[in-house]
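> Could you look at this predicted model? Sequence included:
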Amino acid sequence: MKRIEAIIRPNKTDNLIDKLEAIGISGLNITEIKGYGSQKGHSETYRGVTYRIRLRKKIKVEIIVEYTEVDQIVAAIKEAVRTGEVGDGKIFVSDVENAIRIRTGEEGTAAL
Amino acid sequence: MKRIEAIIRPNKTDNLIDKLEAIGISGLNITEIKGYGSQKGHSETYRGVTYRIRLRKKIKVEIIVEYTEVDQIVAAIKEAVRTGEVGDGKIFVSDVENAIRIRTGEEGTAAL
Amino acid sequence: MKRIEAIIRPNKTDNLIDKLEAIGISGLNITEIKGYGSQKGHSETYRGVTYRIRLRKKIKVEIIVEYTEVDQIVAAIKEAVRTGEVGDGKIFVSDVENAIRIRTGEEGTAAL
Amino acid sequence: MSSRVIKSKFMQTILMTLTLVGLFSGLALAQDGQAAANAVAIDTIWTLIAAFLVFFMQAGFAMVEAGFTRAKNAGNIIMKNMMDFASGSLVFWAVGFAFMFGSGNSFIGSTGYFLQDAFANLGLDIPIAAFFIFQTVFAATAATIVSGAMAERTNFSGYLAYSVVITAFIYPVVGHWIWGGGWLAEMGLVDFAGSTVVHSVGGWAALAGAIVLGPRIGKYNEDGSANALPGHNLLMAALGVFILWFGWFGFNPGSTVAGTDLSIASIAVTTNLAAAAGAVMAMIVSWIKYGKADVSMTLNGALAGLVGITAGTAAVGNLSAVIIGGLAGIIVIYAVEFFDKLQIDDPVGAVSVHGVCGAFGTIAVGFFATEGGLLFGGGISLLITQIIGVAAVFVWAFGLGFALFKVIDAVIGLRVSEEDEIEGLDYSEHGADSYPDFMVNVKAEN
Amino acid sequence: MSSRVIKSKFMQTILMTLTLVGLFSGLALAQDGQAAANAVAIDTIWTLIAAFLVFFMQAGFAMVEAGFTRAKNAGNIIMKNMMDFASGSLVFWAVGFAFMFGSGNSFIGSTGYFLQDAFANLGLDIPIAAFFIFQTVFAATAATIVSGAMAERTNFSGYLAYSVVITAFIYPVVGHWIWGGGWLAEMGLVDFAGSTVVHSVGGWAALAGAIVLGPRIGKYNEDGSANALPGHNLLMAALGVFILWFGWFGFNPGSTVAGTDLSIASIAVTTNLAAAAGAVMAMIVSWIKYGKADVSMTLNGALAGLVGITAGTAAVGNLSAVIIGGLAGIIVIYAVEFFDKLQIDDPVGAVSVHGVCGAFGTIAVGFFATEGGLLFGGGISLLITQIIGVAAVFVWAFGLGFALFKVIDAVIGLRVSEEDEIEGLDYSEHGADSYPDFMVNVKAEN
Amino acid sequence: MSSRVIKSKFMQTILMTLTLVGLFSGLALAQDGQAAANAVAIDTIWTLIAAFLVFFMQAGFAMVEAGFTRAKNAGNIIMKNMMDFASGSLVFWAVGFAFMFGSGNSFIGSTGYFLQDAFANLGLDIPIAAFFIFQTVFAATAATIVSGAMAERTNFSGYLAYSVVITAFIYPVVGHWIWGGGWLAEMGLVDFAGSTVVHSVGGWAALAGAIVLGPRIGKYNEDGSANALPGHNLLMAALGVFILWFGWFGFNPGSTVAGTDLSIASIAVTTNLAAAAGAVMAMIVSWIKYGKADVSMTLNGALAGLVGITAGTAAVGNLSAVIIGGLAGIIVIYAVEFFDKLQIDDPVGAVSVHGVCGAFGTIAVGFFATEGGLLFGGGISLLITQIIGVAAVFVWAFGLGFALFKVIDAVIGLRVSEEDEIEGLDYSEHGADSYPDFMVNVKAEN
Ligand SMILES: Nc1ncnc2c1ncn2[C@@H]1O[C@H](COP(=O)(O)OP(=O)(O)O)[C@@H](O)[C@H]1O
Ligand SMILES: Nc1ncnc2c1ncn2[C@@H]1O[C@H](COP(=O)(O)OP(=O)(O)O)[C@@H](O)[C@H]1O
Ligand SMILES: Nc1ncnc2c1ncn2[C@@H]1O[C@H](COP(=O)(O)OP(=O)(O)O)[C@@H](O)[C@H]1O
């Protein structure tokens, strides 16, 4: 099994879920994070003091899938969230050993 | 070392920590996430517009442990959070290469 | 590629980012989590009922890097956030198979 | 000079004098007319402004209750507070005011439904409409108190049903007893602005509601100990307390329904001193008991002082006000703990603040009243009257409230399902999320 | 007795009588003076206190608008509400008040810029300053209504420009027509506290603004259906509604600008009953339509009832007030849906609440006025006048508003860039973050 | 006719006339009585309502301070604001009022502790209780100002100790000097509603507190530059400003303590114009300086305008009010930057708003007063008096405040530990979490 993590722009979340729903993804998780990268932050002012915000709000979408599905999903993500501007984000793929569905106790692919 | 991630119902968090405390877990992390799965979302209405919330609030509990402890912990999680209804969640197990305790610099199992 | 996750005290976040910026890290992610560990929680009182908070607020900093950079970064983290008191946190290192930059489609090290 | 001439002169003079006096009196009356009309206008604007301030207490109650409960129920709390006032305004107009102030017997009034009566029996100079709006906002206060004690688990329809009945009947009847010329008024009960009429009625009905409902999921452990279910926004709760304190300056001084009655000034002073003393003592006692100055208890202490002084605000001196307020601030802490021990779950402390401190304040008048109070040589009779009043109102409000909630429970269902309670009433009752943009902790830490 | 003596005596008596009467009258006048001065003082404090309450409605509008929109724009909403009042206060002082109440023709006034005039034409007993401050807060209300409909996408400079023009010109002209002795006043239009003058003017300008701006990104789908962009804080929105309701007790009863006019009491009652009925009916209808009692619609319903009764608050009976308020509470729901169907995006429902219900309330006077209303045998003439007034004000406020927004769009730019809108106006317009400590959902769930 | 008869007739007539005049006068006096009583009632309700509005400013201060600081200290801020009012109410009753208004010398009063005196020296018509409650809420305002400058790092016990002393002594003494017939009153200082008495006293004590405490952790860098520690809730801060503005209509017009004094109307107008001008100018200047219209500075600008006009509100014309308010709105921005450069950390700008603009406003009277002001041909003497007053009060309030804070620091400890400050005062001082349901950013971004 593989873990696909996509760091994306928040306003693309809906697009992405629509797309993944369309290709029949059975489950995923969303986490709110702050990202540091080539996309620079911006400056705010508060009571006469200007300060730089170097982190940007990002969404991490995490999906555990059969390794055979990775390519299709990665392609779908790219399609759904790409704008071509700096800050579009990354996809990371890593290994997962096992998955267990708590409700039924099923393990492995059956648990997804 | 292994990473055990349990995606659970928020209202089971306490139960789970109690249980893990009881079996002597030394540490864990809690993250608030939103999950998409077979458990469907629900509909809300705002000013005459009804909209579907397809994500559910979930808690991710993450524990890094010696690989020998995995089975016991997985069993404990199942016991603590299972209701038998759709949406109970999943457990994912994956590999961790090394752990370092910042305070002491200890590495590996000693760092947990 | 490796994933370095550092669980640190929230008030050390700035220090850490400064440090990592200084050694030329190209990107990272920040997540707010709650941690359970040897550092005990504290007690609060509300309307005559005292209750124990056993989780502490922590920050998880996650960086995906070339495996050759791991040691330097781990050392930098230790330097930036260590106080020597219980609760300084942990660093976990694990494997990542691939990284993709959504904007360009670049893969592997080039995507970082 | 002939006597006739003298007589004539005398007559003339008398006549003229009489004429002049008559003329003068006529003008004087006209005069009197403008000054008297001014006096009525002064009384009217005073009563109205006080009514507006008391109306604003609705916002205070809503903020306190919402602040002291969890984010997932905030929308439901808004709805309860908004609707008990809105529906209460309508039913109090329809029947409540007639039951309370209509002519009738010593138990209940029975004329003037829909305000279709001059209410001459009240002998008011100000327009009946001014008195009516003032009484409307009072009635709504009694109703809204209950909301807090029943927060986070009550079926919205059931709450609406209850709220209509308390404003239409339970409260007006007590009001008639004490303010409408009923049997307690005849006994000489002193409850100037409603420690008992308003606050205790609300508080005891709240007690009945909390008992019938049972505690929130997770509030009490199997060993009987209580868990904290911390309120989600102390700042809003504090804002609510400030608003209530502000509104109380309408509640107490306004209860003269006369701005020409200069005791409004000393009433404002006793009100403020009691609230201050309540807050200070609650802070001190909580500090001693829990090791730290407790925010929510201090806020409750201020309210306790206000409720406590409400009965005697026009009857006691400043020092007595400080003592009454201070004692109320202490009592409220022990009352909160007491009900927790009985596993009666009252999320905002409504029973302790309004029921217990309302009763305390009413009885305290028997001790502290400068006229008739035991401590000022007035003997024990006032005290006995006060105690009778408190007891009678407890029996009525708690008893009727209990019966009502049982009936509602059987007919409509008083409590939401366990699943809905966990999910939060905002979603289950209103399909809403009060804070969709904010990350809300899915599980309070513990 | 000689006739001379008698005459003399008679003369004497007459003289003395006259003297006394004179003396008496003099004193009586002095007397009269104090009572009359008191009456003026009563009217003055009433007007001022009402003005303060209406001022406080600014806070209510800010909280409602902020609560009903997203967290990323809260700071911008604060700024708009603060600045339309602040700049409005200045321009209304400079020219608006003169346009509205100065002597002039039946279209516009033209004396008394910068309050440099006695405004004898108004025939006021109270100081002109009292009347002026009361009118200032009214003018600012009209301006601030627009802010809600244009929320979350308007360029701040553009908004400022608009807000100056409405307070300086668009509103005062309508005010002159109806309250300043203009042509609609001459026709006998009844708009006691401004359903049309204030609320409709604001509402129709808001409509123009919402149309010129276009909907927020993501509000409507390609198939024409609407998405919910839920407001970020229902508790603050509810607080805002309570504040507005509170302030309305200054808005309506205060519009007598006389505390000696005892109709202030019945005005307070009709105001409250209409608001209550509006909230109740909106709750019921939303419950039926959407399956659950909708929080935001119920809040809007209370406001709709208030706006609806504002024209007729002094002219209709209590039952009529309940009916008008209740109908407004129903109408507002259908109006919100109607504008959504037209894809006119009004985040807080300002057009529906203030424009539509303001017009409805004004026309309702033609039916329900106890004097002159169709239903009370007054014939159709008042109704026709009311309809003419509503139509004329629509043409003026919508027309001028539309033109103005088009000009601003061309010159300054009315809408922020897409990127700025997504990022939020707090950052793009003010470099700020209203809630830096809280985790804010980066994407509302859907 | 004999002269005797004539005499007799004459006597009779005279007698009758006198009788009648006496009768008339008696009645007239009775009459006079009602009108005079009405006048007292008008003054009393005006004073009370103003006092209630000023009381409500406590909520405003609490919201502004909480909004402008971080979430982890919100509960502590509530407690400070609640307790300085509560304990202040008690000590001002006990001694403060006697020091301020009791008979005494030109430095301090010394009769009427616990209000045990008729205070005939004040020559009031209204009940002393009315005057007392009005003064109580003023005293509490001075105290609460300090809280903001010392936010986020002050030991709660230390704060309580300070707050008792300022209300019991520091403030009443200045009050005596200026309003209690003391030496500055004798010199003819004009400080109508307290730019100096209330605001500068609070502001200079705040300055002392901020200096003794030192800056918050992380506020200043080693190179002397400042970091932003953004307030956690701009919406609450804005609500607070609206509440303060609202309350100021009690603060300034109420300071006539007479509703029959019709200058209340023009006072309300100057108050509002100055606030408006302050907000507008602060917005403009911040826009120019920082490139964007700054929310928190604009909010401060409105308050600066209000503080600035408070001294001269009854003495200056409308245009002068606009100028004073506008200048205050500019000054406050430079003052905030100035103190930041000195590394005096004042989280909410209390020193700049209340201290600096209070002093500015007092001096401005010397220029702008229509009677006695330099610009209106009144010569320089008033200006000199004003400057002397400002200087004397600075020395007193800053000096005594500084000494007091040093003593508290030595005895109780004025500042919490570094660990507690990082954790937040809600936990360390009160064992509480103000927002347990919300995810709170554990580190503000930067
Ligand atoms: N090395 C990394 N490890 C983890 N996350 C990263 C890394 N580099 C970038 N990210 C995440 O990806 C986001 C986008 O990266 P950025 O460099 O700004 O733009 P782009 O992806 O277009 O090159 C960052 O904000 C951060 O959340
Ligand atoms: N493939 C997946 N990858 C990651 N998380 C998943 C996946 N499938 C489900 N989840 C998580 O598990 C939660 C529960 O899954 P769901 O299918 O609703 O119920 P159940 O676990 O009972 O089958 C989801 O809300 C989501 O958070
Ligand atoms: N086994 C573990 N798995 C995951 N996270 C852990 C584990 N143990 C500790 N942590 C995280 O590290 C934090 C610090 O650990 P703690 O034991 O309190 O102190 P220290 O790191 O100084 O030994 C914890 O709060 C928790 O977030």
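On my side now, so go ahead. Ligands and ions are numbered 1, 2, ... in the order given.

> residues contacting the residue in the stretch 1-150 of chain D that chain C sits nearest to?
Per C-beta to the nearest C-beta, D:Phe68 is where the stretch 1-150 of chain D lies closest to chain C, at 8.0 Å. (Each C-beta comes from the backbone N, C-alpha and C, glycine too.) Contact partners of D:Phe68, counting by C-beta atoms under 8 Å, 6 or more residues apart in numbering or on different chains, are D:148, D:151, D:231, D:237, D:296, D:347-349.

> where are the low-confidence patches of chain D?
Under the criterion pLDDT under 70, the flagged ranges of chain D are D:1-31, D:443-446.

> Try it again at 90.
Low-confidence segments of chain D (pLDDT under 90): D:1-33, D:117-118, D:224, D:378, D:436, D:439-446.

> tally of neighbours for whatever residue of it ends up closest to ligand 1?
Residue nearest to ligand 1 within chain D (C-beta to the nearest ligand atom): D:Met439, separated by 17.8 Å. Each residue near D:Met439 was counted by other C-beta atoms under 10 Å in any protein chain shown, and the total is 21.

> near ligand 1, which residues of chain A show up?
Where chain A comes near ligand 1, counting by C-beta under 6 Å from any ligand atom, the residues are A:7, A:35-39, A:56, A:58, A:86-90.

> what about 5 Å?
Chain A comes close to ligand 1 at residues A:7, A:35, A:37-39, A:58, A:86-90, as judged by C-beta under 5 Å from any ligand atom.

> so is D:Leu229 in a helix, a strand, or just coil?
coil (DSSP: H, G, I helix; E, B strand; the rest coil).

> Return the residues in contact with it.
D:69-70, D:152, D:216, D:218-219, D:347, D:444.

> Any chance of a markdown table for these, columns distance to chain F and secondary structure?
A markdown table is the format used below for the contacts of D:Leu229 (distance: C-beta to the nearest C-beta, whole Å; DSSP: H, G, I helix; E, B strand; the rest coil):
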| residue | distance to chain F | secondary structure |
| --- | --- | --- |
| D:Thr69 | 10 | coil |
| D:Arg70 | 6 | coil |
| D:Glu152 | 12 | coil |
| D:Arg216 | 14 | coil |
| D:Gly218 | 14 | coil |
| D:Lys219 | 15 | coil |
| D:Pro347 | 14 | coil |
| D:Ala444 | 5 | coil |
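
> Is it possible to mark the buried ones in the residues you listed?
Buried subset of those (neighbour count, 16 or more other C-beta atoms under 10 Å in any protein chain shown): D:69-70, D:152, D:216, D:219, D:347, D:444.

> Quick check: of these, which lies closest to ligand 2?
D:Ala444 (20.7 Å).

> could you list every residue that touches the residue lying farthest from the centre of chain A?
Within chain A, the residue lying farthest from the chain centre (C-alpha atoms, centre = their mean) is A:Gly48, at 36.8 Å. Taking C-beta under 8 Å, 6+ apart as the criterion, A:Gly48 is in contact with F:226, F:286, F:289-290, F:294, F:297, F:333, F:336-337, F:340.

> If we use 7 Å, what do you get?
F:333, F:336-337, F:340 (C-beta atoms under 7 Å, 6 or more residues apart in numbering or on different chains).

> Likewise for D:Ile267?
D:252-253, D:313-314.

> Considering the contacts of A:Gly48, which is situated nearest to F:Ser87?
F:Val336 (29.5 Å; C-beta to C-beta).

> Can you name every helix or strand that the helix or strand hosting the closest one contacts?
Assigned by DSSP states H and E, F:Val336 belongs to helix F:318-341. Packing partners of helix F:318-341 (3 or more C-beta pairs under 7 Å, 6 or more residues apart in numbering or on different chains; DSSP states H and E): helix F:263-290, helix F:295-310, helix F:357-368.

> and if we set it to 10 Å?
Packing partners of helix F:318-341 (3 or more C-beta pairs under 10 Å, 6 or more residues apart in numbering or on different chains; DSSP states H and E): strand A:49-53, helix E:74-91, helix F:201-213, helix F:263-290, helix F:295-310, helix F:357-368.

> For D:Tyr113, find the nearest of the ones you listed.
helix F:263-290 (41.7 Å).

> That closest one vs helix E:74-91, what angle?
130 degrees (axes from the mean of the first three to the mean of the last three C-alpha atoms, to 10 degrees).

> relative orientation of helix F:263-290 and strand A:49-53 in degrees?
Using the same axes, to 10 degrees, helix F:263-290 lies at 50 degrees relative to strand A:49-53.

> Same question for the helix holding F:Val336: list its buried residues.
F:318, F:320-333, F:335-337, F:339-340.

> how about the strands in chain A?
A:2-8, A:28-36, A:42-46, A:49-53, A:56-65, A:90-95, A:98-101 (DSSP state E).

> Adding mean pLDDT as columns, could you present these in a markdown table?
Below are the strands of chain A laid out as a markdown table (pLDDT from 0 to 100):
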| stretch | mean pLDDT |
| --- | --- |
| strand A:2-8 | 97 |
| strand A:28-36 | 94 |
| strand A:42-46 | 83 |
| strand A:49-53 | 84 |
| strand A:56-65 | 95 |
| strand A:90-95 | 97 |
| strand A:98-101 | 96 |
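
> Nearest to chain D among the ones you listed would be which one?
strand A:28-36 (6.7 Å).

> Hmm, D:Lys80 is touching D:Gly148, no?
Yes: at 9.2 Å, D:Lys80 counts as touching D:Gly148 under the criterion of C-beta atoms under 10 Å.

> what sits in contact with each of these two?
Residues touching both D:Lys80 and D:Gly148 (C-beta atoms under 10 Å, 6 or more residues apart in numbering or on different chains): D:61-62, D:65-66.

> Most neighbours of all those residues, which one?
D:Ala66 leads those on contacts (other C-beta under 10 Å) with 32 neighbours.

> wait, what's in contact with that one?
D:73-78, D:80-81, D:148, D:151, D:231-233, D:236-237, D:240, D:348, D:434, E:234-235, E:238-239.

> near ligand 2, which residues of chain A show up?
Looking at ligand 2, the residues of chain A close enough under C-beta under 5 Å from any ligand atom are A:27, A:29, A:63-64, A:103, A:112.

> Need the max-distance pair from the residues you listed.
Maximum pairwise distance among the residues of chain A next to ligand 2 (C-beta to C-beta): 19.1 Å, between A:Ile63 and A:Arg103.

> What values do phi and psi take at the residue of the stretch 1-150 of chain D closest to chain C?
With angles defined as degrees, to the nearest 10, D:Phe68 sits at phi -90, psi 0.

> Relative to chain B, how far out is it?
With distances taken as C-beta to the nearest C-beta, to the nearest Å, D:Phe68 is found 21 Å from chain B.

> nearest residue to that residue other than its sequence neighbours?
Nearest non-adjacent residue to D:Phe68, counting by C-beta to C-beta, 6 or more residues apart in numbering or on different chains: D:Gly231, 3.6 Å away.

> Repeat that for D:Asn441.
Going by C-beta to C-beta, 6+ apart, D:Asn441 has F:Asp437 as its nearest residue, at 5.2 Å.

> hmm, which of the residues of chain A next to ligand 1 are the buried ones?
Applying 16+ other C-beta under 10 Å to these flags A:7, A:35, A:37, A:39, A:58, A:87-90 as buried.

> Make TSV out of the residues you listed and add distance to E:Val411.
What follows is those, written out as TSV (distance: C-beta to C-beta, whole Å):
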residue	distance to E:Val411
A:Ile7	42
A:Gly35	39
A:Gly37	39
A:Gln39	34
A:Lys58	38
A:Gly87	33
A:Asp88	36
A:Gly89	39
A:Lys90	43
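
> of those residues, closest to D:Ala359?
Nearest to D:Ala359, judged by C-beta to C-beta, of these is A:Lys58 at 57.1 Å.

> How much space separates the residue nearest to the closest one when sequence neighbours are not counted from ligand 2?
Nearest non-adjacent residue to A:Lys58, counting by C-beta to C-beta, 6+ apart: A:Gly35, 4.0 Å away. Distance of A:Gly35 to ligand 2, computed by C-beta to the nearest ligand atom, to the nearest Å: 20 Å.

> And A:Gly35, how close does it get to chain E?
With C-beta to the nearest C-beta as the criterion, A:Gly35 and chain E are 11 Å apart.
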